[in-house]
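> Okay, structure incoming, though there's no sequence with it:
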């Protein structure tokens, strides 16, 4: 049995008030997790050059012109980042919400946008193996799509996320992110913004800015830092090796980022993904951009950021029943592993000239 | 592309206000899900007869005396249900909470109880293959443990849950449930109770009682029914084939159930698990008892129930970022599959005479 000195710790997330259980006496190291290996399954890929006709027609693409020649045609090869509608969308783009009762229940039409951002033409690359400049192109694409979609006033929130690896929910292995524009504010978003607002009312400071200040001073949960971003293991992480990337300057929405900021974000992402691949051996992961609702004005209480969650454990009955998480790796140890990992490149993904 | 007539539907859970996306035009049937098969891995099992010394000393057991002989000894074979402390507890039973600040953060000691309920001596049985009388013994054991642990006033909530199969988070294959007593109310429990309370304030009726009435009348989401329980697919399920078992008579806490009620609950569980095994081919699943906080008096707004969630899909970035769920199987179809499945027994699990 445990001694009293080695009790697990309950820690509270300061934004949403979620408690997590951190195991302190039998901390799991990176090699302790049984991971599903990411395998290339081969076969036909609709996201590769030459298969552009197998996706719905493209919404946008970066397609550098060749040696000063004429711009290349839509839905042809030669792109570096390409955005297409999801072939099997979770929501439909046409129609009206039509909120209505169904007896005592409530429903509405599933209106929204569901797009796929194909991050590279290279089937064997991943976001983390792309050069920083190409990661920047992906981030610019996210920004472009938000600025375009927020003109449609039916949409209240845009979620940009990435599922990497089958165990993290990816159904196609070619590196891509997804965008879903929603007609309502999702419950987690409401809770996060509400939590940040309550903190602001009480302290007259942004909770994320306070976290950045405290984490910078203590240093124990820092993974990396550059001019514009702080990468940390959060104080009360749900998952082992969960990591957040926060802009150091207060800003409520991702799409307000300057080109200089996105350049530094690309570098911060590159460092995190390279180190996570090194420490956790190319883990499956989910990556989510948390940002303000797209129709909201900028504000002082919410602070956009990225949450990176490697898929190392299984969510089970306890988590589904309580919203409590048991995390076997203290964030201080996770941060140390990631901080000390080399960022030296593995053999780089070969870029196909465009 | 989708036509307007086949838009997906957004549906709202009437208790917690969570919206889910229900795909209506490419509904997934049971055979469409790639399921992780539950395999018997063999090897040493600490929950089998003869290995009682490999678990921490038992807390309680049902151990029928043999042919009127003397009662059998603790931590020896001959039991039918056995409760032991979890050998690797998420929380420690000894000590005080000691709530404290950690800079701007909040923490406390991880105090709580973490017990394992071994549901049968038969390594090859599962809860669903046990005879109803033996399932009833398991339910009585849950009740006994709650009545014992609620005397400890450090504990505010008891969660009883079951992870069946590795994909649902089970680490040992021998059929068991778990109990975790917590020093604080978990965030999901607070939200569920708060949602039910708001409904009660507005309508002066229990939201669960209203659901039972409406579902009984429409019938389209009913899976099964007996004298005391209604088994339904909820209106806004997070997961394909998610199923709830609700007591028809209003009751806020599971542990207040009469022996007659538990007898009928055992029968309802047997029917649901048998049919789910039939329709979904022995799926991994999580099962959670939702009940009132243990120190609360009985009340008119909260209604205990069981939530059964087969593990057929993967939770990915969209769900983690929003709390929104995409469910590819409309509950009306899931209910129909489960309702029409035979409850005829497969070859029964062999019971070892005790």
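Yep, that arrived. Owing to the predicted nature of the structure, the values given are computational and were not obtained by experimental measurement.

> who's in contact with whichever residue of the stretch 251-354 of chain A sits closest to chain B?
Closest residue of the stretch 251-354 of chain A to chain B, CB to the nearest CB: residue A:316 (2.7 Å). For every residue, glycine as well, the C-beta is placed using N, CA and C. By CB atoms under 8 Å, 6 or more residues apart in numbering or on different chains, the residues touching residue A:316 are B:161, B:163, B:168-170, B:286.

> Give me the buried entries from those.
Listed as buried from those are B:161, B:163, B:168-170, B:286; burial here means 16 or more other CB atoms under 10 Å in any protein chain shown.

> so which of these would you say is closest to residue A:320?
residue B:286 (5.5 Å; CB to CB).

> roughly how far apart are that closest one and residue B:95?
Here the criterion is CB to CB, to the nearest Å. By it, residue B:286 lies 29 Å from residue B:95.

> ditto for residue A:294
47 Å.

> and those two? which has more neighbours close in?
Neighbour count, other CB atoms under 10 Å in any protein chain shown: between residue A:294 and residue B:95, residue A:294 has more, with 21 against 15.

> correct me, but that one touches residue A:146?
Yes. Using CB atoms under 8 Å, residue A:294 makes contact with residue A:146 at a distance of 6.4 Å.

> where do the contact lists of those two overlap?
With CB under 8 Å, 6+ apart as the test, residue A:294 and residue A:146 both reach A:158, A:255.

> Is residue A:177 part of a helix or strand, or is it coil?
Under DSSP: H, G, I helix; E, B strand; the rest coil, residue A:177 falls in the strand class.

> residues from the stretch 251-354 of chain A in reach of chain B?
A:286-290, A:307, A:309, A:314-318, A:320-324, A:326 (CB under 8 Å from any CB of the partner chain).

> among the residues you listed, which are in helices?
A:317-318, A:320-322 (DSSP state H).

> Relative to residue A:280, which of these is nearest.
Of these, the one sitting nearest to residue A:280 (CB to CB) turns out to be residue A:318, at 23.4 Å.

> Can you name the residues that contact that closest one?
Applying CB under 8 Å, 6+ apart, the residues near residue A:318 are A:324, A:326, B:90, B:159, B:161, B:178, B:180.

> Now do the least confident helix or strand in chain A by mean pLDDT: distance to the chain's middle.
When each helix and strand of chain A is scored by mean pLDDT, DSSP states H and E, helix A:317-322 comes last, with a mean of 82. Relative to its chain's centre, helix A:317-322 lies at 23 Å (CA atoms, centre = their mean, to the nearest Å).

> same question, stretch A:141-154
The chain centre lies 18 Å from the centre of stretch A:141-154; the measure is CA atoms, centre = their mean.

> Stretch A:327-334 now?
20 Å.

> end to end, how far does that stretch reach?
11 Å (CA to CA, to the nearest Å).

> Now it: average pLDDT?
For stretch A:327-334, mean pLDDT is 94.

> Could you give me the buried positions within that stretch?
Under 16+ other CB under 10 Å, the buried positions of stretch A:327-334 are A:327-331, A:333-334.

> In the stretch 101-250 of chain A, what residue lies closest to chain B?
residue A:169 (2.6 Å).

> Return the per-residue confidence for that residue.
So residue A:169 comes in at 87 (pLDDT).

> try residue A:35
Looking at residue A:35, the pLDDT reads 67.

> How about residue A:27?
For residue A:27, pLDDT reads 66.

> just the one 5 residues further on next, same as before
With respect to pLDDT, residue A:32 scores 82.

> now the closest residue to residue A:273 other than its chain neighbours: how far from residue A:74?
Nearest in space to residue A:273, with sequence neighbours left out and distances taken as CB to CB, 6 or more residues apart in numbering or on different chains, is residue A:128 at 2.9 Å. From residue A:128 over to residue A:74 the distance is 29 Å, taken as CB to CB.

> now the helices: where do they sit in the stretch 201-350 of chain A?
Under the criterion DSSP state H, counting those that start in this stretch, helices of the stretch 201-350 of chain A are mapped to A:207-218, A:259-280, A:317-322, A:331-340.

> winner for burial among the ones you listed?
helix A:317-322 (a mean of 23; mean count of other CB atoms under 10 Å in any protein chain shown).

> Enumerate the positions of the strand or helix carrying residue A:139 that are buried.
For residue A:139, the element it lies in under DSSP states H and E is helix A:132-149. By neighbour count with 16+ other CB under 10 Å, helix A:132-149 contains the buried residues A:132, A:134-146, A:149.

> elements contacting it?
Contact partners of helix A:132-149 among helices and strands, from 3 or more CB pairs under 8 Å, 6 or more residues apart in numbering or on different chains; DSSP states H and E: strand A:60-62, strand A:81-85, strand A:113-118, strand A:157-164, strand A:176-182, helix A:259-280.

> could you say what helices and strands the last one packs with?
Pointing back at helix A:259-280 there. Under the contact rule (3+ CB pairs under 8 Å, 6+ apart), helix A:259-280 is packed against helix A:132-149, strand A:222-225, strand A:229-232, strand A:243-247, strand A:305-310, helix A:331-340.

> which other residues reach the third one?
Spelled out, that is strand A:229-232. A:211-212, A:215-216, A:221-225, A:243-248, A:264-265, A:268, A:271-272, A:335.

> do the longest one as well
Judged by CB under 8 Å, 6+ apart, the contacts made with helix A:132-149 from elsewhere in the structure are A:59-60, A:62, A:80-81, A:83, A:113, A:115, A:117, A:119-120, A:127, A:130, A:155, A:158, A:160, A:177, A:179, A:181, A:254-255, A:257, A:259, A:262-263, A:265-267, A:269-270, A:289, A:294, A:351.

> now the contacts of residue A:316 in CSV, with distance to chain A?
Converted to CSV, the contacts of residue A:316 look like this (distance: CB to the nearest CB, whole Å):
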residue, distance to chain A
B:161, 3
B:163, 4
B:168, 6
B:169, 3
B:170, 8
B:286, 4
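
> hang on, the earlier thing: which of the helices and strands packed on helix A:259-280 sits closest to residue B:109?
helix A:331-340 (17.4 Å).

> Hey, what's the angle from the closest one to helix A:259-280? Just curious.
100 degrees (axes from the mean of the first three to the mean of the last three CA atoms, to 10 degrees).

> Distance from helix A:331-340 to the middle of the chain?
On CA atoms, centre = their mean, the centre of helix A:331-340 falls 20 Å from that of its chain.

> next one: stretch A:67-82
That offset, for stretch A:67-82, works out to 28 Å (CA atoms, centre = their mean).

> contacting residues around it?
A:47, A:49-50, A:52-53, A:57-58, A:60-66, A:117-121, A:134, A:137-138, A:141, A:354.

> Give me the buried subset of the residues you listed.
By 16+ other CB under 10 Å, the contacts of stretch A:67-82 give A:47, A:49, A:52, A:58, A:60-63, A:117-121, A:134, A:137-138, A:141 as buried.

> what sits against residue A:246?
A:208, A:211-212, A:229-232, A:303, A:305 are the contacts of residue A:246 under CB under 8 Å, 6+ apart.

> which ones are touching the spatially closest residue to it that is not a sequence neighbour?
Sequence neighbours aside, residue A:305 is the residue nearest to residue A:246 in space, at 4.5 Å (criterion: CB to CB, 6+ apart). Residues near residue A:305 by CB under 8 Å, 6+ apart: A:208, A:244-247, A:289-290.

> can you redo those residues as JSON lines with pLDDT and distance to residue B:14?
Formatted as JSON lines, the contacts of residue A:305 follow (pLDDT from 0 to 100; distance: CB to CB, whole Å):
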{"residue": "A:208", "pLDDT": "98", "distance to residue B:14": "33"}
{"residue": "A:244", "pLDDT": "98", "distance to residue B:14": "34"}
{"residue": "A:245", "pLDDT": "98", "distance to residue B:14": "37"}
{"residue": "A:246", "pLDDT": "98", "distance to residue B:14": "36"}
{"residue": "A:247", "pLDDT": "98", "distance to residue B:14": "38"}
{"residue": "A:289", "pLDDT": "97", "distance to residue B:14": "30"}
{"residue": "A:290", "pLDDT": "97", "distance to residue B:14": "27"}
